[in-house]
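Asker: This is a predicted model, with the sequence first.
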Amino acid sequence: MPLWRFNPVADPRDSRWQDRQIRDGLVVRAPSAALARIYADREVPSSVHGAVGNETCSFRGGFADANLYWVQRVPAEEAKQLGGDSGPDGVVREGTARETELSVYYGEAGARRRERT
């Protein structure tokens, strides 16, 4: 199975993040980029606390949203370092998480306050 890398593309102040953590370096093994998005949403812990106001449930981790993450195939040389194309489907590397700069719950100041605690 090929490996896929998730690249966050939305601005950290974009309200589409909805208090989700931004994942840098997430790599998933899956037959396609679409399935990689599904595996990532299922397996990576989500920081979303729930809906605000009259909202419907959205993507848990935001990995299925093409406006938040672009998914690109990992080059062959790097894929070898991560175990190659063989192995079970799913998350190979969770990467690092960082907070958004805008909180839909608390505004910009609330996001900074959460980072300090």
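Answerer: Received it, and whenever you're ready, just let me know what you need.
Asker: if I pick residue 31, what's in contact with it?
Answerer: Listed by C-beta atoms under 8 Å, 6 or more residues apart in numbering, the contact set of residue 31 reads 1, 2, 89. C-beta here means a position set from N, CA and C on the backbone, and glycine is covered the same way.
Asker: would you turn the residues you listed into TSV with neighbour count?
Answerer: Compiled in TSV, these are given as follows (neighbours: other C-beta atoms under 10 Å):
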residue	neighbour count
1	18
2	16
89	14
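Asker: Which helix or strand in this protein has the lowest average pLDDT?
Answerer: Ranking every helix and strand in the chain by mean pLDDT, DSSP states H and E puts helix 107-116 at the bottom, with a mean of 54.
Asker: contacting residues around residue 16?
Answerer: Neighbours of residue 16 in contact, by C-beta under 8 Å, 6+ apart: 10, 62, 65, 67, 68.
Asker: Kindly report the same for residue 95.
Answerer: Applying C-beta under 8 Å, 6+ apart to residue 95 gives the contacts 6, 23, 24, 25, 26, 27.
Asker: For it, give its distance to residue 63.
Answerer: Distance from residue 95 to residue 63, counting by C-beta to C-beta, to the nearest Å: 11 Å.
Asker: How about the secondary structure of residue 62?
Answerer: The three-state label given to residue 62 by DSSP: H, G, I helix; E, B strand; the rest coil is coil.
Asker: quick one on the thing from earlier: format the contacts of residue 31 as CSV; extra columns: pLDDT.
Answerer: As requested, those are exported to CSV (pLDDT from 0 to 100):
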residue, pLDDT
1, 86
2, 93
89, 92
